[in-house]
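# Sequence unavailable; structure follows:
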């Protein structure tokens, strides 16, 4: 809260209240499935979902705040590394623009991470692989924390924004 206040940033509480309410309902359901009607599969699903939701919102807020550190962007160095490896981002984009169905499919795949996480929770719970479910939750939290830490240390706009700024062009792919 202090970091937000110092920066003069205010948050709309409705989103946080909805997440908090969802987590509270999931925790209540987990308690019900532990104490009133023991059902380890549903309990694990509720608890792991509450954990993933709470952690993701907290780390997203931290990531947002970290962006206020205004560290220098490393896009130019990343572009140079890609070129050194023989990857031509602009040629890749041109190739994809000639294949709009593939480009749309890749965009859908990229945006499917949320449903994939939900599916992992559901499948592991349904298969009663509770230990594996909790390993997944821990690995998700650690991986997301590392990704955010790297993004804080080495912030980048990303190749779409970088090449638009460098070339002054646009790409149809980013609007798909």
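Sure, I can see it. All figures in this text were calculated on a predicted structure; none of them were measured in a lab.
# The nearest residue to residue 71 once chain neighbours are set aside and residue 122: what is the separation?
Using CB to CB, 6 or more residues apart in numbering and skipping residues adjacent in sequence, the residue nearest residue 71 is residue 155, 5.2 Å away. (C-beta placed from N, C-alpha, C; glycine too.) According to CB to CB, to the nearest Å, residue 155 and residue 122 sit 34 Å apart.
# Compare neighbour counts for those two and give me the winner.
A direct count of neighbours by other CB atoms under 10 Å for residue 155 and residue 122 places residue 155 higher, at 16 against 13.
# Can you classify that one as helix, strand or coil?
Counting by DSSP: H, G, I helix; E, B strand; the rest coil, the backbone at residue 155 sits in coil.
# who's in contact with it?
67, 71-74 (CB atoms under 8 Å, 6 or more residues apart in numbering).
# With secondary structure as new columns, can these be given to me in CSV?
Listed next are these as CSV, based on three-state DSSP:
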residue, secondary structure
67, helix
71, coil
72, coil
73, coil
74, coil
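# Flag every buried residue along the longest helix seen in the chain.
When the chain is parsed with DSSP state H, its longest helix is helix 40-66. By 16 or more other CB atoms under 10 Å, the buried positions in helix 40-66 come out as 41-52, 54, 56-57, 66.
# Correct me if wrong: residue 97 contacts residue 103.
Yes: the criterion here is CB atoms under 8 Å, and residue 97 meets it with residue 103 at 6.9 Å.
# With neighbour numbers in mind, choose between those two.
residue 103 (19 against 13).
# Which residue is the nearest non-sequential neighbour of the more buried one?
Closest to residue 103 by CB to CB, 6+ apart is residue 96, at 4.5 Å.
# for this structure, what are the low-confidence residue spans?
1, 167-176 (pLDDT under 70).
# Helices of that one, start to end?
2-7, 13-31, 40-66, 75-84, 89-97, 100-110, 113-126, 130-153, 159-167.
# what angle separates the last one from helix 75-84?
Read that as helix 159-167. 100 degrees (axes from the mean of the first three to the mean of the last three CA atoms, to 10 degrees).
# what do you get for the fifth one?
Going by the same axes, to 10 degrees, helix 89-97 is angled at 80 degrees with respect to helix 75-84.
# in helix 89-97, what counts as buried?
Buried residues in helix 89-97 (16+ other CB under 10 Å): 93, 96.
# what helices or strands is it leaning on?
helix 100-110, helix 159-167 (3 or more CB pairs under 8 Å, 6 or more residues apart in numbering; DSSP states H and E).
# by how many degrees do that helix and helix 100-110 diverge?
110 degrees.
# distance between helix 89-97 and the chain's centre?
Centre-to-centre, helix 89-97 and its host chain are 25 Å apart (CA atoms, centre = their mean, to the nearest Å).
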